[in-house]
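>>> sequence? don't have it. structure:
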């Protein structure tokens, strides 16, 4: 503001000097110069255009990628039981904030975690995979977990404790355009899954070379205590 005031004062001083010069006929072209400068000030905001850099208001464009098509949401396991026909599977009821109520999701976590360790925990759910029947129970998504190289240890991804139930996980540089649940989303996940990891500082991230990004919520990044691949 101070800079603009000083500049305006300078311009007005210039105008005054030119008008005086015109009155004494010291400048043969003073009249035309004075008229031109006056018009610039009145119609073009001369000071701002001449001295202030242009500031772009355009938002950076986001890329539409395979990752953009996936719907990963914050969920909470509100109920968990053993699958009646498969000892290695849990049947979970997971709240994703949907009007239809908690989703049924089947997960192969029995040999890695106790049911009470999972109950009431926040997790990340891949929510637009094609529903699949697992030993007679229709699973409506997948709980995302990290695992070590030989898959002897598995741990669910952990959203921040104050993240919102149902919140869409976002990735910097990638637009968020989830598609309907079905085969196309399955194909997108197969491509993306080759490049999703938990790194050595426990951040869940998309590690593709051209546009890497951390799994983010409004409350911060998604993490896991087990570095490794995400599946």
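Yep, that arrived. All values reported here derive from a predicted model rather than from experimental measurement.

>>> Now do whatever helix or strand residue 106 lives in: everything it contacts.
Under the criterion of DSSP states H and E, residue 106 resides in strand 103-107. Residues from elsewhere that reach strand 103-107 (CB atoms under 8 Å, 6 or more residues apart in numbering): 75, 83, 89-94, 96, 125, 127, 134-135, 137-143. For every residue, glycine as well, the C-beta is placed using N, CA and C.

>>> Secondary structure of residue 205: a strand, I assume?
Yes - secondary structure assignment places residue 205 in a strand (DSSP: H, G, I helix; E, B strand; the rest coil).

>>> what angle do the longest strand anywhere in the chain and strand 103-107 make?
Ranked by residue count, the top strand of the chain under DSSP state E comes out as strand 72-83. Put simply, strand 72-83 runs at 70 degrees to strand 103-107, going by axes from the mean of the first three to the mean of the last three CA atoms, to 10 degrees.

>>> lowest-confidence helix or strand of the chain?
The helix or strand of the chain with the lowest confidence, counting by mean pLDDT, DSSP states H and E, is helix 46-51 at a mean of 46.

>>> any idea which helix or strand carries the closest residue to residue 109 other than its chain neighbours?
Excluding the flanking residues, the one nearest residue 109 by CB to CB, 6 or more residues apart in numbering is residue 90, at 5.6 Å. Taking DSSP H and E as the definition, one finds residue 90 inside strand 86-95.

>>> I'd say the residue nearest to residue 109 and residue 111 touch.
No - applying CB atoms under 8 Å, one finds residue 90 not in contact with residue 111, separated by 10.5 Å.

>>> With neighbour numbers in mind, choose between those two.
Neighbour count, other CB atoms under 10 Å: between residue 90 and residue 111, residue 90 has more, with 20 against 9.

>>> The nearest residue in space to residue 160 that is not next to it in sequence: neighbour count?
Leaving aside its chain neighbours, residue 160 sits nearest to residue 219 (3.9 Å; criterion: CB to CB, 6+ apart). Applying other CB under 10 Å, we find 14 residues neighbouring residue 219.

>>> Look up how far residue 118 lies from residue 219.
21 Å (CB to CB, to the nearest Å).

>>> hang on, the earlier thing: give me every residue that touches the residue nearest to residue 109.
80, 81, 82, 83, 106, 107, 108, 109, 110, 115, 118.

>>> pLDDT score assigned to the second one?
It refers to residue 81. Looking at residue 81, its pLDDT reads 98.

>>> give the contact list for residue 91.
So residue 91 contacts 80, 81, 82, 83, 104, 105, 106, 137 (CB under 8 Å, 6+ apart).

>>> The contacts of strand 103-107, buried ones only, as a ChimeraX selection?
Filtering the contacts of strand 103-107 down to the buried ones (16 or more other CB atoms under 10 Å) takes a single ChimeraX command:
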select :75,83,89,90,91,92,93,94,96,125,127,134,137,139,140,141,142,143
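
>>> what's the residue nearest to the spatial centre of the chain sitting at in phi/psi?
By CA atoms, centre = their mean, the chain has its centre lying nearest to residue 170, at 3.1 Å. Residue 170 adopts backbone torsions of phi -120, psi 160, taken as degrees, to the nearest 10.
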